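Enquirer: What follows is a predicted structure for the sequence shown.
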Amino acid sequence: MGVTPIIAPSMLSSDFANLASEAKRMLDFGADWLHMDIMVKFVHFVPNLTIGAPVIESLRKHTKAFLDCHLMVTNPIDYVEPLGKAGASGFTFHVEVSKENWQELIQKIKSNAMRPGVALKPGTPIEEVYPLVDSENPVEMVLVMTVEPGFGGQKFMPEMMDKVRVLRKKYPSLDIEVDGGLGPSTIEMAASAGANCIVAGARYSYIPYAKLCFGKSGEMLTSFLQPRSKQICF
Ligand SMILES: O=C(CO)[C@@H](O)[C@H](O)COP(=O)(O)O
C-alpha cells in the first residue's frame, strides 16, 4: 500500500487578522491540509507564542479542511480536549516531551476524534519514534522537523533527509511529514527521500510547485506515492 501526497501550508506565516480568507486562498490554490503551529513560549521548547484552541474554533467555522495541528508545547495532553472540541483534525505532539505518557496521549487523541501524529526535533534520533509507530495503538504520521521548531523562515536542514529515508524504508505506508525551510529548492529533495506531507509557510506560490514534485502529467516522481486525483490535476 502506498501513501498519497499532501500539501499542508503552515498558517503561521499568514495574516492572522484575515485567517479565514488566508485559509481559503490556500485551499483555492490546491492545499490539501492547513498546518496550524500551536506554540507556547517555554524556555526549554520553543521561544515563541502563537495560536491556540480559540483560533482553531474560529477557523473551523469557515472551513471544512483538515486542520493539521502541530503542538510545540511541553504538556500536549492538556490541549487534547480543547483542540478536539475546537474542531482540530490532526494532533501531532513532540516525542521529546511525551516519553512518559505517549500511550495515554495517543488514546486520548483518538477518543477526541483526531488523528495522532508524533514530531521530532532535528537533534532527536529517529529511533525514538519507532515504539509509537510499532505500537498496537499507533500514531498515524511522523513529522520530521527540518528546522529547529519555533519560527518560520529558517533554512532547511538537508541532513534530516537521512531520517526520512530510514523511516520510509521501514514504514512504506506511513504518512511522513516534513516541516521547515521547504520551498522550490528543497521540496523535491524531501519528496525523493520519502516524505509525502509537505508543510511550508503559507506563501501560495509554492503549492503548485510542490504538486509538480509529486507528479507531472499524472506520473509519480517516487514509487511509494499513489496518485490521488486531486493532487495530480494541475
Ligand atoms: O513549525 C514550524 C516552525 O516551527 C513551521 O511550520 C514553519 O512555520 C514553516 O515555515 P517555513 O520554514 O516554511 O517558513
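Expert: Arrived safely.
Enquirer: Contacts for stretch 127-139, please.
Expert: Stretch 127-139 has contacts (CB atoms under 8 Å, 6 or more residues apart in numbering) with 95-96, 102-103, 106-107, 110, 116-118, 120, 142, 167, 170-171, 174. C-beta: built from backbone N, CA, C; applies to glycine.
Enquirer: for the helix or strand encompassing residue 166, packing partners?
Expert: Taking DSSP states H and E as the criterion, residue 166 maps to helix 161-170. Contacts defined by 3 or more CB pairs under 8 Å, 6 or more residues apart in numbering; DSSP states H and E place helix 161-170 against strand 141-145, strand 175-179, helix 187-193.
Enquirer: ok so, going back, buried only: go through the contacts of stretch 127-139 for me.
Expert: In terms of neighbour count (16 or more other CB atoms under 10 Å), the buried residues within these are 95-96, 102, 106, 110, 116-118, 120, 142, 167, 171, 174.
Enquirer: got those as JSON lines, with distance to the ligand and pLDDT columns?
Expert: Shown next, in JSON lines, are the buried ones among the contacts of stretch 127-139 (distance: CB to the nearest ligand atom, whole Å; pLDDT from 0 to 100):
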{"residue": "95", "distance to the ligand": "15", "pLDDT": "98"}
{"residue": "96", "distance to the ligand": "14", "pLDDT": "96"}
{"residue": "102", "distance to the ligand": "20", "pLDDT": "98"}
{"residue": "106", "distance to the ligand": "21", "pLDDT": "98"}
{"residue": "110", "distance to the ligand": "23", "pLDDT": "98"}
{"residue": "116", "distance to the ligand": "18", "pLDDT": "98"}
{"residue": "117", "distance to the ligand": "13", "pLDDT": "98"}
{"residue": "118", "distance to the ligand": "14", "pLDDT": "98"}
{"residue": "120", "distance to the ligand": "12", "pLDDT": "98"}
{"residue": "142", "distance to the ligand": "15", "pLDDT": "98"}
{"residue": "167", "distance to the ligand": "18", "pLDDT": "97"}
{"residue": "171", "distance to the ligand": "22", "pLDDT": "96"}
{"residue": "174", "distance to the ligand": "20", "pLDDT": "96"}
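Enquirer: any idea which of those is closest to residue 192?
Expert: Nearest to residue 192 among those: residue 167, at 13.8 Å, using CB to CB.
Enquirer: Just give the closest residue to the closest one, not the sequence neighbours.
Expert: Counting by CB to CB, 6 or more residues apart in numbering, residue 176 is the residue found nearest to residue 167 once chain neighbours are left out, at 5.5 Å.
Enquirer: I'd like the distance between the one you found and the ligand.
Expert: Separation of residue 176 from the ligand (CB to the nearest ligand atom, to the nearest Å): 15 Å.
Enquirer: ok, which stretches of the chain are helices?
Expert: Remark: helices assigned in the chain by DSSP state H are 19-28, 53-60, 77-86, 102-111, 130-134, 161-170, 187-193, 206-214, 229-232.
Enquirer: ok, residue 78 - contacts?
Expert: Residue 78 touches nothing, counting by CB under 8 Å, 6+ apart.
Enquirer: if I look at the residue nearest in space to the middle of the chain, how far off is residue 102?
Expert: In the chain, the centroid-proximal residue (CA atoms, centre = their mean) is residue 177; its distance is 5.1 Å. As judged by CB to CB, to the nearest Å, residue 177 and residue 102 stand 17 Å apart.
Enquirer: Over to residue 46?
Expert: For residue 46, the distance to residue 102 - CB to CB - is 19 Å.
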